[in-house]
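> everything below, folded, please.
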Amino acid sequence: MATRQAFRRLARRMLSNVPESTVYGGPRPQEAAGARRVTVTTLRGKHRRGEPITVVTAYDYPSAVHVESAGIDVCLVGDSAAMVVHGHDTTLPISLDVMLEHCRAVARGASRPLLVGDLPFGCYESSSTQAVDSAVRVLKEGGMDAIKLEGGAPSRISAAKAIVEAGIAVMGHVGLTPQAISVLGGFRPQGKTVDSAIKVVETALALQEAGCFSVVLECVPAPVAAAATSALKIPTIGIGAGPFCSGQVLVYHDLLGMMQHPHHAKVTPKFCKQFGNVGSVINKALSDYKQEVETRSFPGPSHTPYKITATDVDGFANALQKMGLGEAADAAAAAAENSENERKPSENS
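Just a heads-up that it's a prediction; the model follows:
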């Protein structure tokens with residue numbers, strides 16, 4: 001019996017669904033040993049132990065792969081995609097259907113972080129039923145683990161409670177809520193007066209009571225965020241809210257220094273630290289590519305990997321001649337001769 005079980009364990013290790021190497025990519029790396037999927041329970045454990053929670057937005061497969069590789073706890077598919085991906089001045093224009101496309105792409109690229117999808121403006125305000133229906137789509141069609149919704153009006157609290165009762169984890173969002181800029185009068189920080197600060201804390205408590213597993217605090221003074229974090233039993237995730245939150249979130253493009261939001265007049269938000277200058281690297285790479293194409297130095301021999309034998313080139317040229325394509329036959333022969341001449345120096349070096 002022991003021998004049979006050992007054989008089965010060995011067989012499972014030898015089996016693999018890793019695809020064979022292809023023209024455009026090789027096998028995908030196996031999941032690192034000990035890399036476990038982050039869940040809401042994982043976050044509760046980190047919060048209980050006082051360990052900071054890391055959150056970064058992602059909007060497509062490549063960004064999700066980077067977030068996964070960095071070991072980030074939570075990957076948020078934010079409606080900020082409207083701005084940093086689609087070029088809008090606000091988050092309002094993006095639809096649920098478009099958000100679902102982003103969610104699906106991220107879900108394909110990140111399997112370890114907790115995946116949270118934003119409910120975009122217009123898909124949950126009408127009723128709790130609409131909110132639940134939209135949240136269900138984010139999980140079933142988008143592949144997310146949880147949803148995030150903004151605001152603390154009674155209707156939003158009811159929506160959050162209904163979604164939780166439907167069996168879906170909810171992250172709340174208070175302070176500056178970008179979907180409410182029409183009411184707020186723009187992208188303005190909140191909690192700067194006594195009444196406003198109390199409202200931030202009260203709203204966060206109401207979201208906790210509704211069953212939210214976490215609350216984002218955006219653009220509020222650090223003392224207000226510290227008070228809310230102390231008052232709550234669930235983690236707070238700060239963005240422009242100082243160092244006293246349970247964790248932090250930044251927009252992928254902002255922290256990488258990749259590009260700037262249109263409404264920020266080509267400057268990064270005040271609260272964002274640029275941990276890289278990827279935008280400059282990208283611009284240089286594109287400029288170098290343009291120059292090498294224009295000077296015909298790219299692609300060179302090392303980037304022209306696919307060969308055809310001299311015999312086949314002759315046969316190909318003869319076939320082209322018979323088709324009445326003499327110039328094409330000459331071009332093929334000349335290209336073959338040029339490739340051979342370029343290959344010989346590299347072989348001799």
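
> okay, strands next: where are they in the stretch 1-150 of the chain?
Taking DSSP state E, counting those that start in this stretch to define them, one finds strands in the stretch 1-150 of the chain at 53-57, 74-77, 114-118, 146-148.

> which one of those has the most crowded surroundings?
Counting by mean count of other C-beta atoms under 10 Å, strand 74-77 has the highest mean neighbour count of the strands of the stretch 1-150 of the chain, with a mean of 30. Every C-beta, even on glycine, is put in place using the N, C-alpha and C of the backbone.

> which stretches of the stretch 151-300 of the chain have low pLDDT?
Along the stretch 151-300 of the chain, the model assigns pLDDT under 70 to residues 180-187, 260-268.

> how about G152, what does it touch?
Taking C-beta atoms under 8 Å, 6 or more residues apart in numbering as the contact definition, G152 lies against G172, V174, K199, E202, T203, A204, A206, L207.

> how about A333, phi and psi?
Main-chain torsions, A333, degrees, to the nearest 10: phi -70, psi -40.

> I'd guessed it sits against A317; true?
Yes: if you go by C-beta atoms under 8 Å, A333 and A317 touch, sitting 5.2 Å apart.

> the more surrounded of these two?
More neighbours surround A317 than the other of A333 and A317, with 19 against 16 (other C-beta atoms under 10 Å).

> quick check: the more buried one vs L114, distance?
Counting by C-beta to C-beta, to the nearest Å, the separation of A317 from L114 is 59 Å.

> what's the answer for A227, then?
Here A227 is placed at a distance of 26 Å from L114 (C-beta to C-beta).

> next one: G45
Per C-beta to C-beta, G45 is found 12 Å from L114.

> repeat that for E141.
E141 sits at a distance of 18 Å from L114 (criterion: C-beta to C-beta).

> same check on A82?
22 Å.

> what's the burial count for E51?
Per other C-beta under 10 Å, the neighbour tally for E51 reads 13.

> and it, backbone torsions?
Note on E51: its backbone torsions stand at phi -90, psi 130 [degrees, to the nearest 10].

> per-residue pLDDT, it?
We have a pLDDT of 98 for E51.

> repeat that for the one 3 residues further on.
Listed pLDDT for T54 reads 98.

> is it true that it touches C245?
No: proximity of T54 to C245 does not meet the contact threshold set by C-beta under 8 Å, at 11.6 Å.

> contact partners for R108?
By C-beta under 8 Å, 6+ apart, the neighbours of R108 are Y61, A64, G143.

> now the most centrally placed residue in the chain. Nearest residue, chain neighbours left out?
Geometric centre of the chain, nearest residue: A58, 1.4 Å, by C-alpha atoms, centre = their mean. Nearest in space to A58, with sequence neighbours left out and distances taken as C-beta to C-beta, 6 or more residues apart in numbering, is A64 at 4.5 Å.

> contacting residues for the one you found?
Residues near A64 by C-beta under 8 Å, 6+ apart: A58, C75, A105, V106, A107, R108, G109, A110.

> which residues in the stretch 101-250 of the chain form helices?
Residue ranges of the helices in the stretch 101-250 of the chain, as given by DSSP state H, counting those that start in this stretch, are 128-140, 154-165, 181-184, 194-210, 222-231.

> which residues are in contact with the first one?
With contact meaning C-beta under 8 Å, 6+ apart, helix 128-140 is reached by 96, 99-100, 103, 117, 119, 123-125, 144-145, 147, 149, 158-163, 166, 168, 170.

> can I get that helix in PDB, CA atoms only?
What follows is helix 128-140, C-alpha atoms only, in PDB (Å, rounded to 0.1, in the frame of the first residue of the first chain):
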ATOM      1  CA  SER A 128     -29.400  46.700  -3.900                       C
ATOM      2  CA  THR A 129     -30.600  44.200  -6.500                       C
ATOM      3  CA  GLN A 130     -28.700  46.000  -9.200                       C
ATOM      4  CA  ALA A 131     -25.600  46.000  -7.000                       C
ATOM      5  CA  VAL A 132     -25.800  42.300  -6.300                       C
ATOM      6  CA  ASP A 133     -26.300  41.500  -9.900                       C
ATOM      7  CA  SER A 134     -23.200  43.500 -10.900                       C
ATOM      8  CA  ALA A 135     -21.100  42.000  -8.100                       C
ATOM      9  CA  VAL A 136     -22.100  38.500  -9.200                       C
ATOM     10  CA  ARG A 137     -20.900  39.300 -12.800                       C
ATOM     11  CA  VAL A 138     -17.600  40.600 -11.500                       C
ATOM     12  CA  LEU A 139     -17.000  37.200  -9.800                       C
ATOM     13  CA  LYS A 140     -18.500  34.900 -12.300                       C
END
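
> any idea of the angle that helix forms with strand 114-118?
Taking axes from the mean of the first three to the mean of the last three C-alpha atoms, to 10 degrees, one finds that helix 128-140 is oriented at 140 degrees with respect to strand 114-118.

> likewise the second one?
In this structure, helix 154-165 runs at an angle of 140 degrees to strand 114-118, with the same axes, to 10 degrees as the basis.
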